[in-house]
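A.B. asks: predicted structure and sequence below. I'll ask about it afterward.
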Amino acid sequence: MRKLSFLLLLASLEPLLASTEADNSCAEAEKAGVTVYRIKEIAHTTHSLTVEDVRFFFDENFPIENTIPTANQDLSGEERLLPYAPSIPSEYGFPSGRSFDFILQNNDDITDFMIGGMTTLEKIGHATHMHEMWHMISKKYRQLNNETIDIDKVCPCLEDEENNGILEALDHFATLAKAGMSEVTADDMDEIDDVKEVDNTIDENAVDEEELEEPIENNIVKREALKA
């Protein structure tokens, strides 16, 4: 139930565009307010989500054992995707402190963590952007009335990540993150050459050498502001 409510919320809040006609499996989800044809964009909202993030912004009782898929922040790992949101404990209680702690402890090699090639400051900027997004979504989350949602009819569309585009979009992001946003090699392109359209949120995270030479205000702040 918690997963359904969370995914339902994220699906309905991704960019405010009118949905097109849904297929039969997602018709009830669309009636419930889901922007069906943009369900895969949930990947942008969940790719770096942790148990502690969900507990802070949405549900303080959210379980450690869960089934919300995320991108593996350890880029040296064999698996690009995780079938769950991981728990990353910290001495800090506030999200910005936890992210600051997590990034400083793991970003000695910028190519093997979170988004390959991004500096520590840029990764902190990205984490701040995600916190702002979750804060915005949390306001709508509190307005959800689960009593008006027909779980049996809405669940199949939202929880079928393998077919509704969520896992595909997560994998696209994780592939680029592991390859390094500043440069996608030929080998990496072999893995994603079937991708016809990459989510704009991924492009906005891209970092090339010219961008790194820009002033901070034209680099991190501007790019993150565009995504907010």
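C.D. replies: Arrived safely. Everything numeric in this text was worked out from a predicted model, so none of it was measured. Residues are numbered from 1 along each chain as shown.

A.B. asks: and the longest helix for this protein?
C.D. replies: helix 120-141 (DSSP state H).

A.B. asks: after that one, which helix or strand is next? Please name it.
C.D. replies: Remark: after helix 120-141, the chain's next helix or strand is helix 151-158, criterion DSSP states H and E.

A.B. asks: in that next one, what's buried?
C.D. replies: The neighbour-count criterion (16 or more other Cβ atoms under 10 Å) identifies 154-155, 157-158 as the buried residues of helix 151-158. Placement of C-beta: from N, CA and C, glycine included.

A.B. asks: can you add pLDDT and distance to Met130 and give these back as a markdown table?
C.D. replies: A markdown table is the format used below for the buried residues of helix 151-158 (pLDDT from 0 to 100; distance: Cβ to Cβ, whole Å):
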| residue | pLDDT | distance to Met130 |
| --- | --- | --- |
| Val154 | 76 | 26 |
| Cys155 | 75 | 26 |
| Cys157 | 78 | 25 |
| Leu158 | 77 | 21 |
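
A.B. asks: pull the most distant pair out of these.
C.D. replies: Spanning the widest gap among the buried residues of helix 151-158 are Cys155 and Cys157, at 7.4 Å by Cβ to Cβ.

A.B. asks: circling back: and the longest helix of the chain, average pLDDT?
C.D. replies: Mean pLDDT, computed over helix 120-141, is 93.

A.B. asks: in it, what's buried?
C.D. replies: By neighbour count on 16+ other Cβ under 10 Å, the buried set for helix 120-141 is 120, 122-131, 133-134, 137, 141.

A.B. asks: which stretches of the chain form helices?
C.D. replies: Applying DSSP H to the chain gives helices spanning 2-13, 27-31, 42-46, 51-57, 95-106, 120-141, 151-158, 161-164, 166-179, 186-192, 200-205, 209-213, 216, 222-227.

A.B. asks: pLDDT (mean, whole number) over stretch 32-40?
C.D. replies: For stretch 32-40, the per-residue pLDDT averages 73.

A.B. asks: number the chain from 37, please
C.D. replies: From this message on, residue numbering opens at 37, which makes the last subject stretch 68-76.

A.B. asks: in TSV, list the buried residues of helix 187-194 along with distance to Thr211.
C.D. replies: Listed next are these as TSV, based on distance: Cβ to Cβ, whole Å:
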residue	distance to Thr211
Val190	30
Cys191	28
Cys193	25
Leu194	24
